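K.L.:
Quick check, what structure comes out for this input:
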Amino acid sequence: MIRQATLRDLDAVVALRLALLREHPEHPLYGRLRPDAEERARDLYAQQLQSTNEAVFVFCERDDIIGILRCVESLNSPLLDPPKYCYVSSVYVIPRARRRGILRALFARAVDWAKHRGLDEMRLHNVSTNPLASRAWDALGFGIVEHVRVRTLA
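P.N.:
As a prediction, the model looks like this:
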């Protein structure tokens with residue numbers, strides 16, 4: 001079952017979103033978790049769960065939340081079309097539940113949410129070193145349109 005998360009789900013939302021980050025300890029951005037990440041996450045994710053321009057969807061199996069996807073109605077540059085788009089982030093399915101269509105189901109709910117808000121474009125970032133994630137997003141119709149580059153300043 002898919003439903004929109006509420007503040008009552010905060011513990012599960014924090015756990016799943018931090019698990020996503022912890023899957024990539026070698027990543028140059030996501031691998032640098034702060035020691036107080038969980039505390040900071042609770043405050044940040046509570047704000048997001050209460051926001052009127054975003055939604056966090058969870059996939060529940062019995063009483064357990066085993067998948068998550070966040071949608072944000074984002075403003076585009078005022079110089080570009082479309083004026084707004086749906087940004088998808090924090091997508092995670094626990095490892096034992098993968099390859100069962102949970103991502104596809106969460107994504108379908110996100111598409112409905114975006115269309116209901118009059119949005120006609122979706123964007124997301126995914127870790128370039130995860131070929132399974134890249135294939136999943138390719139299969140859902142996403143194409144690569146830019147690359148994020150990082151340079152550490154000494």
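K.L.:
need the contact list for Ser45.
P.N.:
One thing to correct before we go on: residue 45 is Tyr, not Ser. With contacts defined as CB atoms under 8 Å, 6 or more residues apart in numbering, Tyr45 is in contact with 10, 13-14, 17, 56. In short, each C-beta sits where N, CA and C put it, glycine included.
K.L.:
10 Å instead, please
P.N.:
Contact criterion CB atoms under 10 Å, 6 or more residues apart in numbering gives 5, 7, 9-11, 13-14, 16-18, 56, 70, 90 as the residues in contact with Tyr45.
K.L.:
Could you dump those residues into a markdown table with pLDDT added?
P.N.:
As requested, these are exported to a markdown table (pLDDT from 0 to 100):
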| residue | pLDDT |
| --- | --- |
| Ala5 | 98 |
| Leu7 | 97 |
| Asp9 | 98 |
| Leu10 | 97 |
| Asp11 | 97 |
| Val13 | 97 |
| Val14 | 97 |
| Leu16 | 97 |
| Arg17 | 96 |
| Leu18 | 96 |
| Val56 | 98 |
| Arg70 | 98 |
| Ser90 | 95 |
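K.L.:
Weed out the non-buried ones from those residues.
P.N.:
Burial by neighbour count, 16 or more other CB atoms under 10 Å: within the contacts of Tyr45 this picks out 5, 9, 13-14, 16-18, 56, 70, 90.
K.L.:
ok, Met1 to Leu80 distance?
P.N.:
From Met1 over to Leu80 the distance is 37 Å, taken as CB to CB, to the nearest Å.
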